[in-house]
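Trainee: coords below, sequence missing:
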């Protein structure tokens, strides 16, 4: 009886060991024969192409650079052609195809849209007219040691030349300080040519100012109470308003850079020089 029991126990132990050995073998066989589970890509929520825009990717031209968006679109489109895709993976790929189709289509539209640039029509440059009339007071055109200006007159005369006449006295650092003087600046309408002249009054007159305009003559009144007349067309001091001298030669209408000069007092003046 004891021997039979021992054999029975041995058979039971062998059977239990066999069962324990079969369990890991079965698990390994099931794992080895199982089909791989498809990887699920997170779904990206994005807008689909707008109405009228095709989701079909454009065909790339040989020899040209293919944008990365177009490469991804083509790759996702090829993946969608497979039949063993899960529902989640197929939906994710369809979403990506829609997104990249819209991006590629918009890029193509931007490239073919012509850029129209408009430029303003150039306007002709016109010369600004110089001022005219009698102006009282000094002028910043002279330093005080050059001349002290009482007033000045400007107008268009002689073939549309602009003439500016200053009246006053010479400054402290000149050859005849305190002597009455008239300066005349002439310039052409295009302002490219000009001339500058000085006309001295007799010694002892002191400063002069333009007191009146009589036609082509300027009436000059001195600080000593004397009266002089300057004939503008002839650029000369004259004895009376009835005296007329020849008109000066008009300046050329075109030429080099304007030149300025300070010639000596006019030799044709009826008054003696210094």
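Mentor: Noted; the coordinates are in hand. These numbers come from a predicted model, not from an experiment.
Trainee: rest of the way, CA atoms for contacts and neighbours
Mentor: Will do.
Trainee: low-scoring pLDDT stretches of the stretch 151-274 of the chain, where are they?
Mentor: The stretch 151-274 of the chain contains residues with pLDDT under 70 at 159, 254-274.
Trainee: how far away is the closest residue to residue 224 other than its chain neighbours from residue 177?
Mentor: Excluding its sequence neighbours, the residue lying closest to residue 224 (CA to CA, 6 or more residues apart in numbering) is residue 205, at 6.0 Å. Noted for residue 205: a distance of 12 Å to residue 177, by CA to CA, to the nearest Å.
Trainee: Repeat that for residue 14.
Mentor: Residue 14 is 145 Å from residue 177, by CA to CA.
Trainee: Also residue 219?
Mentor: For residue 219 relative to residue 177 (CA to CA), the value is 22 Å.
Trainee: same deal with residue 214?
Mentor: Taking CA to CA as the measure, residue 214 falls 29 Å from residue 177.
Trainee: domain assignment for the protein?
Mentor: 40-113, 133-238 (automatic domain parsing).
Trainee: possible to save those as JSON lines with distance to residue 244 and mean neighbour count?
Mentor: Listed next are the domains of the chain as JSON lines, based on distance: least, CA to CA, whole Å; neighbours: other CA atoms under 10 Å:
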{"stretch": "domain 40-113", "distance to residue 244": "75", "mean neighbour count": "14"}
{"stretch": "domain 133-238", "distance to residue 244": "7", "mean neighbour count": "18"}
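Trainee: out of the ones you listed, nearest to residue 123?
Mentor: Smallest distance to residue 123 across those (CA to CA): 17.7 Å, for domain 133-238.
Trainee: and the end-to-end length of the closest one?
Mentor: This stretch, domain 133-238, spans 22 Å end to end (CA to CA).
Trainee: now stretch 199-219
Mentor: Length of stretch 199-219, first residue to last, CA to CA: 14 Å.
Trainee: Equivalent analysis for stretch 148-168, please.
Mentor: Start to finish, the residues bounding stretch 148-168 are 6 Å apart (CA to CA).
Trainee: mind listing what the helix or strand harbouring residue 209 pairs with, with the direction of each?
Mentor: Element membership for residue 209, per DSSP states H and E: strand 208-214. Strand 208-214 pairs in its sheet with strand 217-222 (antiparallel), by DSSP bridges.
Trainee: contact partners of the strand holding residue 209?
Mentor: For strand 208-214, the external contacting residues (CA atoms under 8 Å, 6 or more residues apart in numbering) are 150-153, 167-169, 180-181, 218-223, 241.
Trainee: again, only this time at 10 Å
Mentor: 133-137, 149-153, 165-169, 179-182, 201, 218-231, 241 (CA atoms under 10 Å, 6 or more residues apart in numbering).
Trainee: so residue 200 touches residue 228, yeah?
Mentor: No: between residue 200 and residue 228 there is no contact under CA atoms under 10 Å: 11.4 Å.
Trainee: can you list residues touching both of these two?
Mentor: The contact sets of residue 200 and residue 228 overlap at residue 237 (CA under 10 Å, 6+ apart).
Trainee: Residue 232: what's it in contact with?
Mentor: Counted by CA under 10 Å, 6+ apart, residue 232 has contacts 155, 157-158, 163-165, 184, 215-218, 245, 247-248.
Trainee: Make a markdown table from those residues and add secondary structure to it.
Mentor: A markdown table is the format used below for the contacts of residue 232 (DSSP: H, G, I helix; E, B strand; the rest coil):
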| residue | secondary structure |
| --- | --- |
| 155 | strand |
| 157 | strand |
| 158 | coil |
| 163 | strand |
| 164 | strand |
| 165 | strand |
| 184 | strand |
| 215 | coil |
| 216 | coil |
| 217 | strand |
| 218 | strand |
| 245 | coil |
| 247 | coil |
| 248 | coil |
